[in-house]
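Peer 1: Starting from these lines, generate the structure:
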Amino acid sequence: MQNNPFVLLGETIPEGKRTVLDLEVAKLHTRTTVKVPLIIERSKNPGPVVLLMAGIHGDEINGVGIVREIINQKLNKPTKGTIICLPVFNIFGYLIQTREFPDGRDLNRVFPGSSKGSLASQFAHQFIQEVAPLVDYVIDFHTGGDQRDNVPQIRCNKDDDKGLELAKIFNPPVIMYSNNIVKSLRETLHKMGKTVLLFEGGKTKELDPTVINEGVNGTKNVLIHLGLIEGEITVRETPVYVKKSKWLRAMHSGMLKVMVKNGSYVKKKDILGVIQDPFGEFKKRVYAPHNGYVFCINKTPIVNKGDALFHVSIEE
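Peer 2: The predicted structure is shown next:
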């Protein structure tokens, strides 16, 4: 819950005003200062502080598109509380469209960071020290890595009652039970007592209108539920709950022809795809080993033996 006064990065955020602050990451060898903009909208009425962030992996553009569209629709202007938008967290990776930080590290594996660690670790430390303590709720937007195309989904720990409640309010197509990863932002914020939703949708280097729409609508539901904005919560469908899942891996190398729609329910022995060589000498079918929902597909056209192809839920 926001305090009065509300001080962020050494600046007092006035009530009822829009404020843009820069989180300074580092200076390049060219002496150019790299800054990450935070857009803060604080209402005149007390309420929770919500952080909407994207781009912790620089090539995951759908999340950036979601936060941008939230700002465009002015959904980040609360009637109660404060909404902070951080559209591009890993500004380095975003500029050159890569997942990693310039030091080669995955920013989402170095939290809570260190003031004397690597560049990524120092940035993580600065965020945890100066921004994270002020927020109550966080929605962190991601996409599938490389060519892995995720059905829009919320991932949360099965023991996180507050997170699961908000996941239901978000109302995505899929709610996936997912343990916190060591040294991830989600794990660190959870240890700090924050409620975190991790959104996954689409794949890297892509702006998918369907994914962006799901992200915006879900976020709007959460903001209405928390009392930050006015409106009615929209329930579009009953989410699929994925408690257990399995990646189906390629048994052969070759060209992958996908035969199933992402998000669809399949039965055991249904054909999910075909792996074939470019010379017309062999064709190997990929069968569903059990009933379940396909909620992530590797869209790469060429696969090697052992590559993950289809992520399928396991029914209990």
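
Peer 1: Surely Ala132 touches Lys194?
Peer 2: Yes. Judged on Cβ atoms under 8 Å, Ala132 makes contact with Lys194 at a distance of 7.1 Å. Bear in mind the C-beta positions are built from the backbone N, C-alpha and C, glycine included.

Peer 1: Okay, helices next: where are they in the chain?
Peer 2: Counting by DSSP state H, the chain has helices at residues 61-72, 91-96, 119-130, 161-170, 185-191, 209-225.

Peer 1: Nearest to Asn108 among these would be which one?
Peer 2: Across the helices of the chain, the minimum distance to Asn108, taken as Cβ to Cβ, is reached by helix 185-191, at 5.7 Å.

Peer 1: Buried ones in that closest one, by neighbour count?
Peer 2: By 16 or more other Cβ atoms under 10 Å, the buried positions in helix 185-191 come out as 185-190.

Peer 1: Distance to Leu272 and pLDDT for those residues - can I get that in a markdown table?
Peer 2: Below are those laid out as a markdown table (distance: Cβ to Cβ, whole Å; pLDDT from 0 to 100):
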| residue | distance to Leu272 | pLDDT |
| --- | --- | --- |
| Leu185 | 33 | 97 |
| Arg186 | 30 | 97 |
| Glu187 | 32 | 97 |
| Thr188 | 36 | 98 |
| Leu189 | 36 | 97 |
| His190 | 34 | 96 |
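
Peer 1: for the residues you listed, which one is nearest Arg236?
Peer 2: Minimum separation from Arg236 among the buried residues of helix 185-191 (Cβ to Cβ) is found for Arg186, which lies at 25.1 Å.

Peer 1: Out of the helices of the chain, flag the one nearest Leu38.
Peer 2: Nearest to Leu38 among the helices of the chain is helix 119-130; the distance by Cβ to Cβ comes to 10.1 Å.

Peer 1: Could you pull out the buried residues of that closest one?
Peer 2: Of all the residues in helix 119-130, those buried under the rule 16+ other Cβ under 10 Å are 119-128.

Peer 1: Let me see the contact set for Asn291.
Peer 2: The neighbourhood of Asn291, defined by Cβ atoms under 8 Å, 6 or more residues apart in numbering, consists of 265-268, 315.

Peer 1: just to revisit the earlier point, save the helices of the chain as TSV, and put in distance to Glu200 too.
Peer 2: Shown next, in TSV, are the helices of the chain (distance: least, Cβ to Cβ, whole Å):
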stretch	distance to Glu200
helix 61-72	9
helix 91-96	17
helix 119-130	21
helix 161-170	12
helix 185-191	12
helix 209-225	9
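
Peer 1: Out of those helices, indicate the one that is most buried.
Peer 2: Burial among the helices of the chain, expressed as mean neighbours by mean count of other Cβ atoms under 10 Å, is greatest for helix 61-72, which shows a mean of 22.

Peer 1: mind listing the strands for the stretch 151-300 of the chain?
Peer 2: With DSSP state E, counting those that start in this stretch, the ranges of strands along the stretch 151-300 of the chain come out as 174-177, 195-203, 240-242, 245-249, 254-258, 265-266, 271-276, 283-287, 292-298.

Peer 1: Mean neighbour count and distance to Leu166 added to those, as a markdown table?
Peer 2: Shown next, in a markdown table, are those (neighbours: other Cβ atoms under 10 Å; distance: least, Cβ to Cβ, whole Å):
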| stretch | mean neighbour count | distance to Leu166 |
| --- | --- | --- |
| strand 174-177 | 22 | 10 |
| strand 195-203 | 26 | 6 |
| strand 240-242 | 18 | 15 |
| strand 245-249 | 15 | 21 |
| strand 254-258 | 18 | 32 |
| strand 265-266 | 18 | 26 |
| strand 271-276 | 18 | 32 |
| strand 283-287 | 15 | 36 |
| strand 292-298 | 23 | 20 |
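
Peer 1: Tell me which of those strands sits nearest to Val49.
Peer 2: With respect to Val49, and counting by Cβ to Cβ, the nearest of these is strand 195-203 at 11.4 Å.

Peer 1: Partner strands of that closest one, with direction?
Peer 2: If you go by DSSP bridges, strand 195-203 pairs up with strand 137-144 (parallel), strand 148-156 (antiparallel).

Peer 1: In CSV, could you pull the C-alpha coordinates for it?
Peer 2: Once non-C-alpha atoms are left out, strand 195-203 reads as follows in CSV (Å, rounded to 0.1, in the frame of the first residue of the first chain):
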residue,chain,number,x,y,z
THR,A,195,2.2,-11.2,-5.1
VAL,A,196,3.5,-12.0,-8.6
LEU,A,197,1.9,-13.2,-11.8
LEU,A,198,4.1,-14.4,-14.6
PHE,A,199,2.4,-14.2,-18.0
GLU,A,200,3.7,-16.2,-21.0
GLY,A,201,2.4,-15.7,-24.5
GLY,A,202,3.6,-16.1,-28.0
LYS,A,203,7.2,-16.4,-29.0
